[in-house]
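*Asks:* One predicted model, sequence on top.
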Amino acid sequence: MSAVVVVGAQWGDEGKGKVVDLYAPYAELVVRYAGGANAGHTLVVNGEKLILHLIPSGILHEQTKCVVGQGTVIDPAVFLEEIEALSARRVATDGRLLVSQRAHVVLPHHKLIDGLREKKSNEAIGTTKRGIGPCYEDKVARRGVRMGDLLDIEVLRGKLDANLESWRPVAEDLGGTLPSAEEVAAQYAALGEALRRYIGDAAAIVRASIRAEEKILLEGAQGTMLDIDNGTYPFVTSSNAVAGGACAGAGIGPTHIRRAVGIAKAYTTRVGGGPFPTELEDETGQLLRDAGAEYGSTTGRPRRCGWLDLVALRHAVTVNGLGELAITKLDVLSAVDAIMLCVAYELDGERLDYPPYERLEAVQPIYETLEGWDEDLSGCRTRADLPAAAQAYLARIEQEVGCPIGVVSVGPDREDTADLQDPFGA
Ligand code: GDP
Ligand code: IMO
Ligand code: MG
């Protein structure tokens, strides 16, 4: 049992990138298992910020191998840009970064259709317009183009012809014009050529790592409430963000997974549409947005902000089988006076401890009010260093969701961390 999954326990942007960067020194291999360039994972080291969309957040630790698994969808131009940005920072990727030949390729028309649908729909999902939905649609319809296909222009051209034809009625209906297969084939074959040494049998690396009993970190994207099967459908992404998605997306059996660590902010944010029971559309919400710099890492959109929702978190503990929580952005709560904690929902006069199926927009949060604190937490390195009110807040979360808290993050920088421990430990 040598693998640990790092999974978003809320609606994404919980700080998975930071936690993976903290855990990576304990691992030999880091694998991204789902999603695509809709993700934006931020790493801050000595005040220097790096946002990764596709490359695993372990990449700054040069002894760690990084793999992008078959469960992901890849925009090859974004992947290349990230390699170049790392190279400009003198981070070597050659020989330690590989993307699965089976990962699906996000094509220009996927982004076109995603954008047109968002514009046309009355009930827009608020996607990142990175072509994620249409790309996964192609995958499930078994007509997708995969990273390995980029390495042979004839194969690529044939697949593109068929693929574009299947989208033609959709594009026409939305008033869009599809690019020509020839144009896309030339552009994407060139990208394939530029990425040739990074495309290969990622599953073989994972297999060898398992056999060698290496420690493997499985990096999730998005979050539990955005999972296609366990989230707030249809306001979700198009993949399995939950810990279970790591098995299929990285090619690893559940019996190899030692532990799933859920990452949760000390409050809640959501980008895009869909229900959000604890949302604060008032000054306090704005205070959290300002104090937490809550603007999307990928799209720059302001994130919707609200109190911590323990009903959603309990759901995350269950569906991911969380053995531990990592709480991030505790420092941000220094900006508010009293803190409200949603411990249950009320729906039709009934108290609910778990989210109701398809009726999340109708629930009323039941809050407990806790004492706040106003100290700067960024220098705290253990829970004992935190003000008593912050310690009490964490203890209340643990008690309500039945899951211990390990790491506590008190600032964006790698250093601003309390109680970091080896996630592969006992
Ligand atoms: P991810 O998608 O889960 O990796 O999270 P994002 O990178 O999209 O968003 C998290 C944001 O919060 C980033 O800007 C991080 O630099 C920042 N961040 C992470 N942990 C902390 C923390 O403990 N305190 C503060 N103030 N910011 C944090
Ligand atoms: P990370 O990995 C936050 C949201 C979008 C939208 C919905 C569907 O950084 O936590 P999509 O483009 O996937 O079809 O959009 O999912 N979304 C995210 N929200 N963090 C993310 O990733 C997200 N990836 C997608 O805002 O509501
Ligand atoms: Mg993010």
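*Replies:* Nice, thanks for sending it over. Ligands and ions are numbered 1, 2, ... in the order given.
*Asks:* What separation do you get for the closest residue to T417 other than its chain neighbours and ligand 3?
*Replies:* Take T417 and drop its neighbours on the chain: the residue closest to it by C-beta to C-beta, 6 or more residues apart in numbering is S409, 5.6 Å away. C-beta here means a position set from N, CA and C on the backbone, and glycine is covered the same way. Noted for S409: a distance of 14 Å to ligand 3, by C-beta to the ion, to the nearest Å.
*Asks:* Phi, psi for S409 please.
*Replies:* phi -100, psi 130 (degrees, to the nearest 10).
*Asks:* Neighbours of it, how many?
*Replies:* Using other C-beta atoms under 10 Å, the number of residues around S409 comes to 28.
*Asks:* P234 now?
*Replies:* Neighbour tally, P234, other C-beta under 10 Å: 10.
*Asks:* L112 against V170, yeah?
*Replies:* No: L112 lies out of contact with V170 (C-beta atoms under 8 Å); the separation is 10.0 Å.
*Asks:* out of these two, which sits in the busier spot?
*Replies:* L112 (20 against 16).
*Asks:* Return the residue spatially closest to that one, with its sequence-adjacent residues excluded.
*Replies:* Closest to L112 by C-beta to C-beta, 6+ apart is G176, at 5.4 Å.
*Asks:* any idea how far that neighbour lies from E358?
*Replies:* G176 sits 31 Å away from E358, taking C-beta to C-beta, to the nearest Å as the criterion.
*Asks:* Of those two, which one has the most company?
*Replies:* Between G176 and E358, counted using other C-beta under 10 Å, the more crowded position is G176 (17 against 10).
*Asks:* Does V155 touch D149 like I think?
*Replies:* Yes: counting by C-beta under 8 Å, V155 touches D149, with 5.4 Å between them.
*Asks:* can I assume K49 sits in a strand?
*Replies:* Yes: if the criterion is DSSP: H, G, I helix; E, B strand; the rest coil, then K49 is within a strand.
*Asks:* So the spatially most central residue of the chain: helix, strand or coil?
*Replies:* Centroid check for the chain by C-alpha atoms, centre = their mean gives A221 as the closest residue, at 2.1 Å. Here A221 is recorded as coil under three-state DSSP.
*Asks:* Show the model's pLDDT score for it.
*Replies:* We have a pLDDT of 98 for A221.
*Asks:* Next up, the contacts around it.
*Replies:* Neighbour list for A221: 8, 12, 16, 32-36, 38-39, 41, 72, 239, 241 [criterion: C-beta atoms under 8 Å, 6 or more residues apart in numbering].
*Asks:* Which residue is the nearest non-sequential neighbour of it?
*Replies:* Distance criterion C-beta to C-beta, 6+ apart; nearest residue to A221, sequence neighbours excluded, is G35 at 3.3 Å.
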